[in-house]
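Enquirer: Sharing a model that was predicted from the sequence below.
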Amino acid sequence: MNILSIQSHVAYGHVGNASAVFPMQRLGVEVWPIHTVQFSNHTGYGAWKGRVFDGPAIEEILDGIADRGALPRCDGVLSGYMGSADIGNAILMAVARVRAANPGALYCCDPVIGDVGRGVFVRPGIPEFMKAQAVPAADIVTPNQFELDYLSGATTETLDAAKNAIGAVHELGPRVVLVTSLHTRETPADAIDLLAGEGGRFWRVRTPKLPLSVNGAGDAVAALFFVHYARSRSAGVALGEATASIYGLLKRTEEAGSREILTVAAQDEFVAPTWRFPVEEV
């Protein structure tokens, strides 16, 4: 399997492609990364160095890949944080070119917009671009709860409300929706839910809530879910596999007291997770 991953990248730590690429490779996927930014570290440190690339730079790299005759062998495109609409347009152009070369290719969009407690943290115009253009173009989307509420125009305080919100996102275009972190009235205070929807059916996995705050976990779970879905074509199967791996990764990170997720040190969690949780159809 070959995946084109178009995301931000950091030299130190693990966010964007630095979080998504290695787990996919560890699962036996050939990944073709295109970086939308190249930073020294994630911006949560408050200071960083590096530069942001523009849409034409992304298109130029894709041209080089196409010149190798590789696009017909591309099985999917994964995208995450989009720093500008210019970059977003280049990503959607890449998706269109891949689909033209391989009509069976999938597009997984992690619609990075904001988060509960933080609100919107992307540049003006990006939330609107996500809802109007990127999400409708995707086969799979992986919003968190805040992003689910934004995309659906709903408030997801209950499980039924979350299921209805997933249905609203389905109507935008994607056939598979993974909510990567969900806390409703039915969720215990010491737990977190992940909820997936496909074809009018819904599956939930509940894990303990870990006392840590790290960057890059959403990028990793989107990549893991995408690979497992591409192989199984089952949202329920992909949910169970991705959740087991991401929990193991975060648990190992929490035990080590690390500010950065232990993508390399905990790599066995991607192929042989230590903890597994029931996948419940709801």
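Expert: Arrived safely. Numbers count the residues shown, from 1 in each chain.
Enquirer: Would you map the helices across the stretch 101-250 of the chain?
Expert: 126-129, 135-137, 145-152, 159-172, 217-232, 235-256 (DSSP state H, counting those that start in this stretch).
Enquirer: of the ones you listed, which approaches G44 most closely?
Expert: With distances scored as CB to CB, the stretch of the helices of the stretch 101-250 of the chain nearest to G44 is helix 217-232 (12.5 Å). Bear in mind the C-beta positions are built from the backbone N, C-alpha and C, glycine included.
Enquirer: Remind me what the closest one packs against, helices and strands.
Expert: If you count contacts as 3 or more CB pairs under 8 Å, 6 or more residues apart in numbering; DSSP states H and E, helix 217-232 packs onto strand 2-10, helix 17-26, strand 76-79, strand 106-109, strand 140-141, strand 176-182, helix 235-256.
Enquirer: next one: stretch 1-21 to chain centre, how far?
Expert: 11 Å (CA atoms, centre = their mean, to the nearest Å).
Enquirer: try stretch 215-225
Expert: With CA atoms, centre = their mean, you get 5 Å for stretch 215-225.
Enquirer: buried set for stretch 258-267?
Expert: E260, I261, L262, T263, A266, Q267 (16 or more other CB atoms under 10 Å).
Enquirer: Revised request: answer the last question for stretch 147-161.
Expert: E147, L148, D149, Y150, L151, S152, A154, T156, L159, A161.
Enquirer: One more: stretch 200-218?
Expert: 202-207, 210, 212, 214-218.
Enquirer: Between its first and last residues, how far does that stretch reach?
Expert: One end of stretch 200-218 to the other measures 24 Å (CA to CA, to the nearest Å).
Enquirer: In CSV, list the helices of the stretch 101-250 of the chain along with distance to W48 and mean pLDDT.
Expert: Below are the helices of the stretch 101-250 of the chain laid out as CSV (distance: least, CB to CB, whole Å; pLDDT from 0 to 100):
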stretch, distance to W48, mean pLDDT
helix 126-129, 19, 95
helix 135-137, 28, 98
helix 145-152, 24, 97
helix 159-172, 32, 98
helix 217-232, 17, 98
helix 235-256, 21, 98
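Enquirer: Grab the most central residue of this structure for me.
Expert: A222 (2.9 Å; CA atoms, centre = their mean).
Enquirer: From V237, how far off is that one?
Expert: 16 Å (CB to CB, to the nearest Å).
Enquirer: re the thing from before, deepest-packed of the helices of the stretch 101-250 of the chain, please.
Expert: Across the helices of the stretch 101-250 of the chain, averaging neighbours per residue (mean count of other CB atoms under 10 Å) puts helix 217-232 on top, at a mean of 25.
Enquirer: I figured G50 hits V37, correct?
Expert: Yes. Using CB atoms under 8 Å, G50 is in contact with V37, at 6.5 Å.
Enquirer: Can you tell me which of the buried residues of stretch 258-267 is nearest I126?
Expert: I261 (24.1 Å).
Enquirer: contacting residues for that closest one?
Expert: For I261, the contact set (CB atoms under 8 Å, 6 or more residues apart in numbering) comprises H14, S19, V214, N215, G216, A217, A220, L249, L250, T253.
Enquirer: Columns distance to T243 on top of those, output as JSON lines?
Expert: As requested, the contacts of I261 are exported to JSON lines (distance: CB to CB, whole Å):
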{"residue": "H14", "distance to T243": "19"}
{"residue": "S19", "distance to T243": "16"}
{"residue": "V214", "distance to T243": "17"}
{"residue": "N215", "distance to T243": "19"}
{"residue": "G216", "distance to T243": "16"}
{"residue": "A217", "distance to T243": "12"}
{"residue": "A220", "distance to T243": "12"}
{"residue": "L249", "distance to T243": "11"}
{"residue": "L250", "distance to T243": "11"}
{"residue": "T253", "distance to T243": "16"}
